[in-house]
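In: here's a sequence, model it:
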Amino acid sequence: MDWLVPQWPAPPQVRALCTTRVGGSSRAPFDSLNLGDHVGDSPGAVAANRSLLQQAMNVRTIFLKQVHGVQTISLSDRTDQGTVADGCSTDQPGLACTVMVADCLPVLITNERGSVVAAGHAGWRGLAGQGGFGILESVLSSLDSLPGADALAGRSAILAWLGPCIGPKAFLVGADVRDAFVSQDPVAAAMFVAQAGEKWLADLQGLARLRLNSLGVQKIHGNDGTDSWCTVSHPARYFSHRRDGVSGRMAACIWLT
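Out: Below is the predicted model:
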């Protein structure tokens with residue numbers, strides 16, 4: 001499979017991956033490994049694709065109903081598929097924290113002990129949040145509340161991996177998006193490049209790194225803003241809603257064995 005496997009110093013009991021669009025059953029424009037059941041694809045194809053993913057992982061994969069919000073849930077054996085949230089966490093082995101993306105940024109998180117895992121769906125709305133509380137704050141708060149969390153080590157023991165997303169050369173936004181970040185943190189202005197017509201090119205992964213740093217997370221891996229991580233720029237490998245309008249969804253997953 002043409003899937004991304006994080007290159008990071010996570011303990012061996014922590015497993016993670018991010019799918020691409022390659023290797024599934026869906027027909028165009030969802031070709032071929034579309035995992036989203038809300039985009040107009042054949043339900044049978046989506047079910048086959050999700051089954052393929054679960055077989056490869058050999059754990060229960062829980063798909064959320066994502067709404068570009070900041071809610072994070074703690075997963076258990078009783079968590080239903082399609083629970084409304086944009087982040088999830090767990091300290092229970094055999095449950096995969098999963099988020100779907102097609103330009104938004106997937107963020108996978110664990111700690112150095114490998115006792116907890118979490119995933120967050122970070123579009124610009126969820127990342128900015130309200131009053132400085134966005135999806136990353138929500139995910140980390142959820143992690144902190146788990147019995148398996150390493151409270152003594154704190155945020156310095158957190159590892160984060162950023163997956164593919166719309167890149168800084170492709171993410172054209174209005175002043176409202178820039179203001180949503182800069183009004184909370186003036187340093188975020190460095191993540192926006194002015195364009196004609198009062199538009200801005202935004203660096204989504206850079207904004208996530210800033211927010212994680214402000215929360216005390218320094219060990220950040222994966223997407224560094226270079227072209228190879230840009231979903232828009234690689235139509236053969238990545239789904240992109242911004243590029244295609246109608247698009248499938250990839251999934252980023254993290255779990256404990």
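In: so where is the stretch 51-200 of the chain shaky, pLDDT-wise?
Out: For the stretch 51-200 of the chain, the stretches with pLDDT under 70 are 151-152.
In: 90 instead, please
Out: Scanning the stretch 51-200 of the chain with the threshold set as pLDDT under 90 gives 132, 147-154.
In: strands along that one, start to end?
Out: With strands called from DSSP state E, counting those that start in this stretch, the stretch 51-200 of the chain shows them at 60-62, 72-74, 87-90, 95-101, 105-111, 117-122, 158-162, 172-174, 192-195, 199-202.
In: now, of those, which is deepest in the fold?
Out: Neighbour counts (mean count of other Cβ atoms under 10 Å) averaged over each of those peak at strand 117-122, with a mean of 30. Where you see a C-beta, it was placed from the backbone N, CA and C, and this is true even at glycine.
In: in the one helix or strand residue 210 maps to, which residues are buried?
Out: In this structure, residue 210 is located in helix 204-214 according to DSSP states H and E. Within helix 204-214, the residues scored as buried using 16 or more other Cβ atoms under 10 Å are 204-212.
In: between the strands of the stretch 51-200 of the chain, which gets nearest to residue 217?
Out: Nearest of the strands of the stretch 51-200 of the chain to residue 217, taken as Cβ to Cβ: strand 158-162 at 4.8 Å.
In: which outside residues touch that closest one?
Out: By Cβ atoms under 8 Å, 6 or more residues apart in numbering, the surrounding residues in contact with strand 158-162 are 6, 8-10, 16, 105-112, 140, 143, 205, 208-209, 212, 216-217, 219-223.
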